[in-house]
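1. Mind folding the following:
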Amino acid sequence: MSDMDSLEQAAKDLERLEEQLLALLDQCKKLREENSSLQSRQESLVAERAALVAKNEEARTKVEAMINRLKALEH
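-> As a prediction, this is how the structure comes out:
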């Protein structure tokens with residue numbers, strides 16, 4: 001193999017490596033965006049769950065109060 005052939009091979013290898021690196025950088029960017037989106041979604045779901053838990057507790061308190069009033073009417 002001549003020096004020219006090895007230089008051409010090295011250039012091809014570098015070009016292939018550059019393409020792979022660009023693909024990896026693109027994948028990293030997509031994963032960062034997806035991760036950010038998932039974190040936002042998780043925060044939203046956590047807040048929604050907290051609101052539902054509070055609503056559920058409020059409803060339970062109201063139902064218990066109604067039951068106590070009904071029991072009081074029986075006596």
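2. Of all residues in this structure, which one is nearest the centre?
-> In the chain, the C-alpha nearest the mean C-alpha coordinate belongs to residue 38, at 1.7 Å (C-alpha atoms, centre = their mean).
3. so it is in which element?
-> helix 3-74 (DSSP states H and E).
4. what distance separates that helix from the centre of its chain?
-> Centroid displacement of helix 3-74 relative to its chain, using C-alpha atoms, centre = their mean, to the nearest Å, is 1 Å.
5. Just list what it packs against, helices and strands only.
-> With contacts defined as 3 or more C-beta pairs under 8 Å, 6 or more residues apart in numbering; DSSP states H and E, helix 3-74 has no helix or strand neighbours. For every residue, glycine as well, the C-beta is placed using N, CA and C.
6. ok, residue 66 - how many residues close by?
-> 10 (other C-beta atoms under 10 Å).
7. how close does residue 57 get to residue 43?
-> Noted for residue 57: a distance of 21 Å to residue 43, by C-beta to C-beta, to the nearest Å.
8. What of residue 7?
-> With C-beta to C-beta as the criterion, residue 7 and residue 43 are 54 Å apart.
9. Equivalent analysis for residue 59, please.
-> 25 Å.
10. do residue 34 as well
-> Here residue 34 is placed at a distance of 15 Å from residue 43 (C-beta to C-beta).
11. All good on my end, thank you.
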